[in-house]
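# this one's sequence-less:
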């Protein structure tokens, strides 16, 4: 979807919105760290996120890769920057083809900064010399497919900021005339350069409107995070900084925490003034950090991280998975793995899972998120610190799961995000007891009976509805625990279960072609929606992934012949993975089966 369409929809509804900008890290470890932070920040509901191209086009391939994952794995409408720097036409064509192939529909068209070591921008052979040329080219080659953002400069482009007042006035109005050319050539909206004088931005908007620029104009907000970074950025951009801001920073420049706190305070003051003046949304330059940008949005009331509305219980992919509204529950803690394994499907389940069950799941052999905790020495050290430098027996393994339920550690191989889901708070004590008893849980949800769809913890689907859940728990257990458990489960007609080991042996009271909805919602004027299901066919696929993680993620932390690795390999080879649903969502007694 084009970002401008989302912006205009927000404006029409009177809904204040926000967006986040990131830059491509230089190292693989930095990219992985960005992905973890991005995952959290996307959950706050930005209208879009964008990723920069890198100085002098130096990170083109990294930017393409990150942009693709942002759109298709982190499920946020993504805009990729594209610059003219060091970009002959064939490279531009390649970039546009690749982002289009990945389902991205938004480009921020920029001239770009000079390559490293050069003071002035020079046009390379076969390339473009301006953002205007780039906008025209994109429209010529791709028609109306892309939504195109362009840059605006409330104080004029840094190349044209001079000391002479008369010349400066001329340069400013020339820059506005050039901006209008970019819009007339096909630009859909404007994001501005950083500024620290709100009145300057508001005058810029007024001046744009006076010459016929009618598209949305978003203020670029750069939180002050460090004194040195602030000085470098404002010097590079020739930003006009109010003396009061300079004086305040000079007094605290040696206190990093005080500088950050002041940056949030100043950013919040600016944003309040902007919103009071009618600005529809805020574009946050995050510098790949979360605290300051989110702190500003929280301070002005645009964001409450504890009350973010959800269209569905899981995050939808924009654009590339049209109509998808149903998923198996098994990948609830590994959604990116599920997206990766299903990205080649021709169609996606909509309305009912049974409508689209034929496509095969892809493998995870080349999937970086499969090895989140063991992909580098640094990550291995962190994982060993959480899961133990040495495992003597299964009791040590059980203790890891117990500490995870207590919140003493925040990572497990079967979860892409850190910590238990917030909704498990209703059953946390029971999960703790279950794990202590040797039933090692990797997925669960409590029963719900008609909670308002606006409930801050469990709600989804929009206002006016009610949401329901069946109690669900999924766990590994030792073979000697399975038969006594099944005997108890078989005594309760409301219980359905599937148990499988790594060899593929199955114990179940579900038919192979049964699909069991475990989450559903009822909304005014809509059919009942059931976005989460238990599907035996998908469970057989999931079990291979789940068992593999014992060795590929956890076992790989230890020497091949070590006792720790043998303990984990024995669990993977002999234990059972069990999925249990209590279909009585009103008076169910799922945990009583376990004596809890």
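Perfect, thanks for sending it. All figures in this text were calculated on a predicted structure; none of them were measured in a lab. Numbers count the residues shown, from 1 in each chain.
# neighbours of residue 77, just the number please.
For residue 77, the count of nearby residues is 24 (other Cβ atoms under 10 Å). Any C-beta I mention is one placed from the backbone N, CA and C, and that applies to glycine too.
# Contact partners for it?
Shown in contact with residue 77 (Cβ atoms under 8 Å, 6 or more residues apart in numbering): 1, 3, 6, 47, 48, 49, 71, 106, 318, 319.
# same thing with residue 594?
Taking Cβ under 8 Å, 6+ apart as the definition, contacts of residue 594 comprise 433, 434, 437, 439, 485.
# Equivalent analysis for residue 319, please.
Contact partners of residue 319, counting by Cβ under 8 Å, 6+ apart, are 1, 71, 77, 103, 104, 105.
# With respect to residue 448, which of those is nearest?
For the contacts of residue 319, the residue nearest residue 448 by Cβ to Cβ is residue 77; the value is 29.7 Å.
# circling back: just the ones of the contacts of residue 594 in strands?
Within the contacts of residue 594, no residue falls in strands by DSSP state E.
# Separate out the buried members of these.
433, 434, 439, 485 (16 or more other Cβ atoms under 10 Å).
# could these go into JSON lines alongside distance to residue 421 and pLDDT?
Putting the buried ones among the contacts of residue 594 into JSON lines (distance: Cβ to Cβ, whole Å; pLDDT from 0 to 100) gives the following:
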{"residue": "433", "distance to residue 421": "18", "pLDDT": "96"}
{"residue": "434", "distance to residue 421": "15", "pLDDT": "97"}
{"residue": "439", "distance to residue 421": "18", "pLDDT": "98"}
{"residue": "485", "distance to residue 421": "24", "pLDDT": "96"}
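# Pipe those residues into a markdown table and attach distance to residue 449 per row.
What follows is those, written out as a markdown table (distance: Cβ to Cβ, whole Å):
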| residue | distance to residue 449 |
| --- | --- |
| 433 | 23 |
| 434 | 22 |
| 439 | 25 |
| 485 | 26 |
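# And for residue 563, the neighbour number?
Around residue 563 sit 13 other residues, with neighbours defined as other Cβ under 10 Å.
# pretty sure it is touching residue 391, no?
Yes. Contact criterion Cβ atoms under 8 Å: residue 563 and residue 391 qualify, at 7.0 Å.
# Look up phi and psi at residue 137.
Residue 137 has phi and psi values of phi -70, psi -40 when expressed as degrees, to the nearest 10.
# Let me see the ranges of the helices in the stretch 1-150 of the chain.
Listed in chain order, the helices found in the stretch 1-150 of the chain under DSSP state H, counting those that start in this stretch are 3-13, 28-42, 60-72, 89-101, 131-142.
# Of those, which is nearest residue 466?
With Cβ to Cβ as the criterion, residue 466 lies closest to helix 3-13 of those, at 23.4 Å.
# Contacts only, for residue 304.
Contacts of residue 304 by Cβ under 8 Å, 6+ apart are residue 298.
# Secondary structure element for it, which one?
Assigning secondary structure by DSSP states H and E places residue 304 outside every helix and strand.
# can you tell me how far it sits from residue 573?
47 Å (Cβ to Cβ, to the nearest Å).
# Repeat that for residue 384.
Computed with Cβ to Cβ, the distance linking residue 384 and residue 573 is 22 Å.
# quick one: which of those two has more around it?
More crowded of residue 384 and residue 573, by other Cβ under 10 Å: residue 384, with 17 against 13.
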